[in-house]
Every structure is written in C-alpha cells, then in structure tokens.
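Q: Pasted the sequence and its predicted model underneath.
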Amino acid sequence: MRIIIAITAACLLTACASPGPTVSPVENGGNRADGIVTMSSTTTIFNAVGPDWGQAETGAGDRCRRWGFDGAAPFTGSQERCVGYDRHGRCLQTVTTRFYECEG
C-alpha cells in the first residue's frame with residue numbers, strides 16, 4: 001500500500017512540475033529592408049495555451065539568416081489583438097505577436 005501511495009505522489013508532483021502546453025508561433029510578416037520579423041500565435045477562449053517564444057525566436061533567426069543577417073533578437077514585450085468577440089463582448093480569439101530585429 002505504501003508503494004502505491006509513493007508512486008501516486010511522485011506522479012502528481014511530476015505533473016505539477018512539467019511545463020504547460022504551448023503553441024508554435026508562425027511567421028506572419030516582416031520587412032527585409034528594416035530587418036524586422038513578426039511571429040504570431042492564435043489562442044481561443046476554449047484553448048488558452050501559451051505561445052512557445054523559444055521556438056518563435058528560432059524561426060525568426062532562421063528567417064533573418066536567409067535574408068543575410070546573423071540572427072534575431074526579440075523586442076521587449078508582445079502585442080495582443082482580439083480578432084473575434086461573442087455577443088456578450090467577450091474575446092473568443094486572440095492573436096499574440098512578437099517582433100524580432102535581425103542582427104549583424
């Protein structure tokens with residue numbers, strides 16, 4: 001019985017320590033002349049998972065390298081925009097965008 005309790009406790013602690021689900025942001029714009037790349041992620045009121053900004057930075061860096069730069073660095077913060085409301089004025093769908101500056 002003690003073994004079952006110990007295993008259950010270990011599983012619960014592991015579940016609490018693991019990171020939550022994330023969404024992979026996609027490139028949705030940018031400007032080669034200015035050296036700016038934008039990465040966005042969409043969440044809904046029913047599926048409120050956060051963006052994986054580490055993966056977004058990797059994608060922005062890849063785009064900057066294809067443009068001839070050395071890599072990308074994120075600007076501080078992100079921009080959120082509601083793109084769908086219900087009849088009560090609640091936001092149903094949010095697009096979160098982060099901007100990256102190409103370096104080098």
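A: Great, that's in hand. Numbers count the residues shown, from 1 in each chain.
Q: where along this protein do the strands fall?
A: Using DSSP state E, the strands found in the chain span residues 22-23, 26-31, 36-44, 50-51, 71-74, 79-85, 91-103.
Q: tell me the most buried of these?
A: Counting by mean count of other C-beta atoms under 10 Å, strand 36-44 has the highest mean neighbour count of the strands of the chain, with a mean of 20. From N, CA and C alone the C-beta is placed, and that goes for glycine too.
Q: Just the CA atoms from it would do, formatted as PDB, please.
A: In PDB, the C-alpha atoms belonging to strand 36-44 read as follows (Å, rounded to 0.1, in the frame of the first residue of the first chain):
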ATOM      1  CA  ILE A  36      12.100  43.000 -38.800                       C
ATOM      2  CA  VAL A  37      10.400  39.600 -38.500                       C
ATOM      3  CA  THR A  38       7.000  39.100 -36.800                       C
ATOM      4  CA  MET A  39       5.900  35.800 -35.300                       C
ATOM      5  CA  SER A  40       2.300  35.200 -34.200                       C
ATOM      6  CA  SER A  41       0.200  32.700 -32.300                       C
ATOM      7  CA  THR A  42      -3.500  32.300 -32.000                       C
ATOM      8  CA  THR A  43      -5.400  31.200 -28.900                       C
ATOM      9  CA  THR A  44      -9.100  30.900 -28.100                       C
END
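Q: Off-centre distance for it?
A: Offset of strand 36-44 from its chain centre (C-alpha atoms, centre = their mean, to the nearest Å): 7 Å.
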